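> When you get a sec, could you give me coordinates for this:
(chains A, B and C)
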Amino acid sequence: MKRATVSLWAGGAIVAVILFGAAYGLSLPSAASIAMNIPHRLLPPGPGHPLGTDQFGRDQLTRLLVGAEASLMVAMVATAIGLLFGVPLGAVAGVGGRWRDEVLMRLADGMYAFPALLLALMVVAVLGPGLFHTALALGIVSVPPFARLTRARVLELKALDYVEAARAAGESESGVLWRHLLPGALGPLLVQASANMGGAILVEAALSYLGLGVQPPLPSWGRMLNEAQAFFLTSPWLALYPGIAITAAVLGFNLLGDGLSDLLDRRVGG
Amino acid sequence: MARFAATRALSAALTLLVMTAVAFVVLQVLPGDPAILVLGMDADPTAVAHLRATLGLNQPVPVRYGLWLWNALHGNLGTSLQFGQPVAALLLQRLPLTLLLTAMAAFIALVIALPLGMAAAVRRGGLVDLLGVAVAQVGAAVPSFWLAIILLLAFAVRRHWLPAGGFPGWTQPGAVISALLLPALALGAARAAILTRLLRQSVSEALRQDFVRTARAKGVSPQRTLWRHALRAAAIAPLTVFGLQVGELLAGSIVVENVFSLPGLGRLVLYAISMRDLPTLEGCVLLIATLVMTANFAVDLLYAVIDPRIRSAG
Amino acid sequence: MAGWRSFPAAVALASTAMLTLAACGATAGGTAASASGSSAAPASASASASAPAASPQTLRMAIPGDPVGFDPYLTADANTVALTWNLYDQLVTVDTKGNLQPDLATAWTASADGKTLTFKLRSGVSFADGHALTSADVKASFQRMLDPATKDPDASDYKVITSIDTPDPSTVVMNLSSYDAALLSDLALPFAAIEPAGVDPATLKNKPDGTGPYMLKSWTPGQDVVLEANPHYWQPGLPNIPTVDMKIVPDPATQIADLLAGSVDILPGLSGQQASQLKGQSGIQLEQAPSGNIQIMAINNARAPFTDVRVRQALSLGVDRSAVVQGAWFGYATPVGTFLPPNSPYYAEQPAPYDPAKAKQLLAQAGLPNGFSSTLDLPSLYPVHIQTGQVIASQLAQIGVKLKLNQVEWATWLSQDYGKRQYDLTIISHTGRLDPDTLLVRFTSTYPYNYENYKNTTYDGLIAQGRTSQDPAQRKQIYAQAQSILANDVPAVFLDVSDNVVAIRQNVSGWQWLPLAVDQLAQVKMQ
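Modelled structure (predicted):
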């Protein structure tokens, strides 16, 4: 009991901090994170610049906050896409006949087993880099887990007695399932969504690090790490903070997901 | 059992086909001309056109895919557009490095996760458990390429304890290990975290099982109980995850190999995409997909062997 | 089952074994390095005083990418020719000041009309496989280079050669279709390497055979290229260092780390960013020289609003080049207002002031008082162009020009921007060769890669004249005129000329920067 509460609160707190940070970043004038000041480049953390400046003299802290926007936005859109397409697909697979199920699930399994980064890389390579395309790529990658989850749920429900009874009473199978599916599946889907957020932030960071994600001069944590590498001899702090930010964000969502999962387990009595 | 293996193999083959077709189509859609890439910016346009024709780049896509597939089935994966060497040879050259790297990373993950996970499971609720969980959570959240950069900074640049990247060749095993140690650490740490959580989960569940209590009641020593019964029962969940881990390890190696400038498979993939080296990319996709499928297949089989209930379910 | 209990012990044993091996490896790597003569760690002199240092056998270099084979007739790739410069010789060569010097030809004369060039070949020169150089090899080389079947991407530079006669084994006579002022200096380029006759050309890609100071020992793609001294090299005493190990290290940060860790002895082709990191590091010396590399912001002259010369001029006035030099090159570049590098004898300085007020005026005159929006393509392969793009975008924003930055992969850039000319603005560098014509010809309307879509018949006429003039003074005048046209018409905003920088460890000396993009290794020494 205690551990679940800790996870939930800790995760929730971290996510809240990140959301506030992103909101604050949004409220800043758009030039704040991209205004250059070359004479003040590569300053160590100090007065006026709590986290130092980068190679163009831009304030690290501001860029970190605005970068939160990019990461969160991509993760949210990706998760939304995953839900929007994954749930119906999984439901169709579960409800439908053996063939539909087999084909859809083999496809999903194939994508699932294939490394997400590689898939996202190829999709971004086709569509071109940029915020929205990255979100789309990650969205495509997010569909299989949601689909599988939903399908498993649907199969479980199909086997339940009252569903059989309802069918015997003349209700259509799909009608029954939809009415009973959602309340039960909501919990696990929420948990999966939370985990998905964490995973998406990680993959987005990797893509940006490789130069394929968010484009300059928009800040992005992964890209900031890429740029920081060139200066690690004289300005090692530049490589520190974006990594901490990524870790914190992913940690927050993972903890939140775990806490929710434990909470639900307890409710269901499992 | 045979039917189970057969269905699994068939679906794996199907997935492989789909993946290679997707990669093929992807590169067709991508703008960018391998010929001008090979010849350079100032190349004579007629020379570029000649090269395109020679490389067969003007034929329709399905024809080219069909050709490639036919050749691949006969073991001929074509020639790299950039390197001019047979793709199969390139892949074989780079595969051992990536395999060794992922093996070392998996080993490191196991070395960290096993004691930590078991200790956490045994002393559930205690300080060790809390520590283990905390470390696992943070470890799973850390981006492996960032860990790679930090390790590089700390141990190769600030202090010259280990090489800062590059691969010295296979002649000296000592040099090989030291070149791969930091990258393997970066790769393995994240896996270790996930494995720790899983082990902790499944081992503690197994400990609560009846047969463990029965064994203890019979007078079998606690340690023997732990290792023999609990581990065997607990091995199932991590084993299935291990199949997935292979995919994650390979994906992670793409970025880590980049950070450390290691000439492995992961680096080759990135390079092939950016250079539109279609034959090489196809070969890489085929190889990576095969490795992941094989790992999953092996795990599925092992799973079926351990738990007879799975076999009959088909 | 005792086996399970000993499992943790086995794991512990294996880990210890692995760590011990690694430690041995780290020290073994260190001792191997000192045996090859580099000062491995920034250690004190006492460390090396214990045993006399063996005379240095291997020079270790880091290069940013793999070569594309080793035949300079098959590619124009920069990494490749920088390397093959050491495997092959040309008829002529250049010195550090850009003057032509004899190489395989000891003397040359031109006929009065300039259409016949006669070269006297050096005696006692052999290829790496042992056979002696004769005029037949020179003839075969150019024949092969100019043969359309070879698909040499640089053949067009030499197509003015119609035939070659070989009256005797040490004389080569080139017959030209017309006088070409650039030909002689083009013969010094690595693309004009002299290859052996009678060798199956297909083998030269992976088994080069040249008269240069080094031979290829091995190439492991993605890992390294190893060169060893050519025993038949015609200059006695060279090369100084018998083996060169070129490690392929694409990542600039890793290159620096390797240099500092002592696993690399020299690092040529440093970016300004890297150089700024290495300045002041003990044990490392930086040597710089101006290069022939000009960075420009190319403008698609065929697209609105760039069709109006006032808009283009406004762009040039709205860019603070010294800020670009600081921001992108960390000071390792020189601002320019023209399309020739300052170290060229034909360079005619053009003013390139930073005047945002005037820029805004011009835009208003052109009917764009509130500025306009456009896209700036940046080839992602070159971080310095991405840096420059960001600096310029923030400057031009202040005159009302809102630029959207678009990072483009190299393959795409070559195909879309350079090939199909589908872009608004883009940033790229062009490397001049030795003759001014090779750079300035890019803006003639008939040049196949005039991707700026610039058309000016006066300019075309001047360039054609310059190419056929035999009088250096006249050429200088012609090119001065041409440059002033470019400065007024602004088909592209000329930004800066970067420096060539090399970082060498203190025990290395003898590095020379040539006005070509090559890494000349024969004269480098190591203690």
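> so is C:Trp108 in a helix, a strand, or just coil?
Three-state call for C:Trp108 (DSSP: H, G, I helix; E, B strand; the rest coil): strand.
> how many other residues sit next to it?
Residue neighbour count, defined by other CB atoms under 10 Å in any protein chain shown, stands at 17 for C:Trp108. Any C-beta I mention is one placed from the backbone N, CA and C, and that applies to glycine too.
> give me the beta-bridge partners of the spatially closest residue to it that is not a sequence neighbour?
Leaving aside its sequence neighbours, C:Trp108 sits nearest to C:Phe119 (CB to CB, 6 or more residues apart in numbering or on different chains; 4.7 Å). Assessed by DSSP bridges, C:Phe119 has beta-bridge partners C:Trp108, C:Val172.
> So for stretch B:56-66, mean pLDDT?
Here stretch B:56-66 scores 75 as its mean pLDDT.
> That one near chain C anywhere?
No: Stretch B:56-66 does not reach chain C (CB under 8 Å from any CB of the partner chain); its nearest approach is 12.1 Å.
> Now for the residue lying closest to C:Leu267 once chain neighbours are set aside: which residues touch it?
Nearest residue to C:Leu267 in three dimensions, chain neighbours excluded: C:Ala503, at 4.5 Å (CB to CB, 6+ apart). Listed by CB atoms under 8 Å, 6 or more residues apart in numbering or on different chains, the contact set of C:Ala503 reads C:259, C:266-267, C:270, C:274-275, C:278, C:284-286.
> And the next helix or strand past the helix or strand C:Ala503 falls within?
Applying DSSP states H and E as the criterion places C:Ala503 in strand C:492-505. Using DSSP H and E, the next helix or strand after strand C:492-505 towards the C-terminus is strand C:508-509.
> Neighbouring strands - and their directions - for that next one?
Strand C:508-509 has the following strand partners under DSSP bridges: strand C:525-526 (antiparallel).
> got a list of contacts for the partner strand?
Under the contact criterion CB under 8 Å, 6+ apart, strand C:525-526 has outside partners C:37-38, C:56, C:59, C:240-241, C:265, C:507-510.
> Find me the pLDDT at residue 13, would you?
This is for chain A. Reported pLDDT at A:Ala13 in the predicted model: 90.
> my bad, the chain I had in mind was chain C
Here, the pLDDT recorded for C:Leu13 equals 46.
> Likewise for B:Ala237?
Note on B:Ala237: pLDDT of 60.
> Residue nearest the middle of the chain, spatially speaking?
In the absence of a named chain, this looks at chain A. Centroid check for chain A by CA atoms, centre = their mean gives A:Met197 as the closest residue, at 2.1 Å.
> oops, chain B please
Centre-nearest of chain B using CA atoms, centre = their mean is B:Leu250, 2.4 Å out.
> list the contacts for it?
Contact partners of B:Leu250, counting by CB under 8 Å, 6+ apart, are A:115, A:118, B:98, B:102, B:265-266, B:288, B:291-292.
> ok, now A:Ala93?
By CB under 8 Å, 6+ apart, the neighbours of A:Ala93 are A:100-101, A:104-105, A:108, A:147, A:151, A:154.
> And A:His49, by the same measure?
Neighbours of A:His49 in contact, by CB under 8 Å, 6+ apart: A:40, A:43, A:59-61.
> Now do the same for the closest residue to the residue nearest to the centre of chain A other than its chain neighbours: helix, strand or coil?
Excluding the flanking residues, the one nearest A:Met197 by CB to CB, 6+ apart is A:Phe253, at 4.3 Å. Classification of A:Phe253 using three-state DSSP returns helix.
> Can you list the buried residues in stretch B:291-302?
Using 16 or more other CB atoms under 10 Å in any protein chain shown as the test for burial, stretch B:291-302 gives B:291-293, B:295-297, B:299-302.
> rewinding a little: which pLDDT value belongs to the residue nearest to the centre of chain B?
In this model, B:Leu250 carries a pLDDT of 86.
> Where does it fall, secondary structure wise?
helix B:236-259.
> Is the very next helix or strand once past that helix positioned near chain A?
Heading C-terminal from helix B:236-259, the first helix or strand you meet, by DSSP H and E, is helix B:265-274. Yes: using CB under 8 Å from any CB, we find that helix B:265-274 touches chain A at B:269-270, B:273.
> Next: stretch C:59-78.
No: counting by CB under 8 Å from any CB, chain A is not contacted by stretch C:59-78; separation bottoms out at 13.7 Å.
> Span of that stretch from start to end?
End-to-end distance for stretch C:59-78, by CA to CA, to the nearest Å: 21 Å.
> Kindly report the same for stretch C:357-377.
OK, stretch C:357-377 end separation, CA to CA: 26 Å.
> and that stretch, which residues are buried?
So, applying 16+ other CB under 10 Å, buried residues of stretch C:357-377: C:359-363, C:366, C:368, C:371-372, C:374, C:376-377.
> got the contact list for that stretch?
C:297, C:305, C:308, C:310-311, C:313-315, C:317-318, C:389, C:392-393, C:399-406, C:408, C:413, C:417, C:423-427.
> buried subset of the residues you listed?
C:297, C:305, C:308, C:310-311, C:313-315, C:317-318, C:389, C:392-393, C:399-401, C:403, C:405-406, C:408, C:413, C:417, C:423-427.
> Filter these down to the ones in strands?
Mapping the buried ones among the contacts of stretch C:357-377 onto strands (DSSP state E) picks out C:297, C:401, C:403, C:405-406, C:408, C:425-427.
> Farthest pair within the residues you listed?
C:Val401 and C:Val408 (19.7 Å; CB to CB).
> Just send the buried residues of stretch C:357-377 back as CSV, with secondary structure too.
As requested, the buried residues of stretch C:357-377 are exported to CSV (three-state DSSP):
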residue, secondary structure
C:Ala359, helix
C:Lys360, helix
C:Gln361, helix
C:Leu362, helix
C:Leu363, helix
C:Ala366, coil
C:Leu368, coil
C:Gly371, coil
C:Phe372, strand
C:Ser374, strand
C:Leu376, strand
C:Asp377, strand
